[in-house]
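Undergrad: Turn this into a structure:
(one chain, ligands or ions: 1)
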Amino acid sequence: VLDSAELDEFARDGYVFIDRVVLDQGQLLEARGLIDSLFEARQGFSSRLATTIGEDEKVLEVMYPMNLEPQLRKLNVVQHCRSIACELLGSRQTWCHFDHVIYKQPGGGPVAWHQDLAASRTGWFQRAAHFWIPLHDLAPESGCMMFVPGSHRGDLYEHVHHPGAGGVQIKMTDKSREATIATEEKSGGFDYVTKVLPLGGFSVHTPRTLHASAPNQGDELRKAWILQFGTGPASAARELGRRTLAISARRKAH
Ligand SMILES: O=C(O)CCC(=O)C(=O)O
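TA: Residues are numbered from 1 along each chain as shown. Prediction:
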């Protein structure tokens, strides 16, 4: 699916932006409809499943949408991402151990610089590909993703929970950076790359890649679905366990 330059970019930089239409747009619109319904129902979910990034009431997150709405798992787009993950990770099989959706309302702040691996208490999911999939054509000012090339080869920074700073603040030895990251300032002093993506495009990064997203300065709701695929037994167990839970939840509901 991806060409060799794109695969090389992922290995070299720790992320790649695919700004052409690769994923089925019709399926993504179907996914968007299902996910919109989850956002409408979110008041009824526990605070573990429906939350905000930091205390920003305009950056809304729903965890495990594929469990809450099993129709999502049946979409070919999930299998498509799985095969792209196999290509990127050089593995015959990959497993979707986590997915979430982030809707950023107009006026929603940045998601602060972070490495996804820091959110894992176990550190199990080291070899993975994290897809960030917009559910509409993005506008440049709508809150696009930002990546620091090569950061996946560096340290895992200490991340501190910081509600006022887009969810987390990372501690670095360079104190001046620590100060800027906590502000709303976009770059935080990093040399980063950003791109505006169409519906059907995506970005994909590793668990160690330093990334953030810009504030939504546009006037439309920015919608993204994020799927993480890993290679190891922990990823397999997580995906299979989640499927079983979803099936038993459905059985109970009938
Ligand atoms: O959707 C966003 O604005 C940020 C997503 C992100 O940083 C993540 O999923 O780790």
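
Undergrad: Please make it C-alpha for all contacts and neighbour counts, starting now.
TA: Noted.

Undergrad: Tell me the confidence at the spatially closest residue to L117 that is not a sequence neighbour?
TA: Of all residues not flanking L117 in the chain, P207 sits nearest, at 4.9 Å (Cα to Cα, 6 or more residues apart in numbering). The per-residue pLDDT reported for P207 equals 97.

Undergrad: List the contacts of P207.
TA: By Cα atoms under 8 Å, 6 or more residues apart in numbering, the residues touching P207 are 115-117, 125-130, 152.

Undergrad: before we move on, what about Q25?
TA: Q25 sits next to 199-200 when contact means Cα under 8 Å, 6+ apart.

Undergrad: where's it relative to G108, distance?
TA: 26 Å (Cα to Cα, to the nearest Å).

Undergrad: Those residues of this structure touching the ligand, which are they?
TA: For the chain, the contact set with the ligand under Cα under 6 Å from any ligand atom comprises 102, 111, 116, 212-213, 224, 226.

Undergrad: okay, now the residue in the stretch 151-254 of the chain positioned nearest to the ligand: neighbour count?
TA: Ranked by Cα to the nearest ligand atom, the top residue of the stretch 151-254 of the chain for proximity to the ligand is S213, at 4.7 Å. For S213, the neighbour count with other Cα atoms under 10 Å is 21.

Undergrad: so how far is the helix or strand G33 falls within off the chain centroid?
TA: If you go by DSSP states H and E, G33 is part of helix 25-41. Relative to the centre of its chain, helix 25-41 is centred 16 Å away, using Cα atoms, centre = their mean, to the nearest Å.

Undergrad: now stretch 150-169
TA: Relative to its parent chain, stretch 150-169 has a centroid offset of 15 Å by Cα atoms, centre = their mean.

Undergrad: Pull out the buried positions in that stretch.
TA: 150-152, 156-157, 159, 162, 164-169 (16 or more other Cα atoms under 10 Å).

Undergrad: One more: stretch 74-91?
TA: Buried, per 16+ other Cα under 10 Å, within stretch 74-91: 77-78, 81-89.

Undergrad: Which members of the contacts of P207 are classed as buried?
TA: With neighbours counted using 16+ other Cα under 10 Å, the contacts of P207 contain these buried positions: 115-117, 125, 128-130, 152.

Undergrad: Taking the residues you listed, tell me the two that lie furthest apart.
TA: For the buried ones among the contacts of P207, the farthest-apart pair by Cα to Cα is F125 and H152; their separation is 13.8 Å.

Undergrad: Which residue is the nearest non-sequential neighbour of L2?
TA: Once flanking residues are discounted, L2 sits nearest to I84: 7.2 Å by Cα to Cα, 6+ apart.

Undergrad: Give me the three-state assignment for the one you found.
TA: Here I84 is recorded as helix under DSSP: H, G, I helix; E, B strand; the rest coil.
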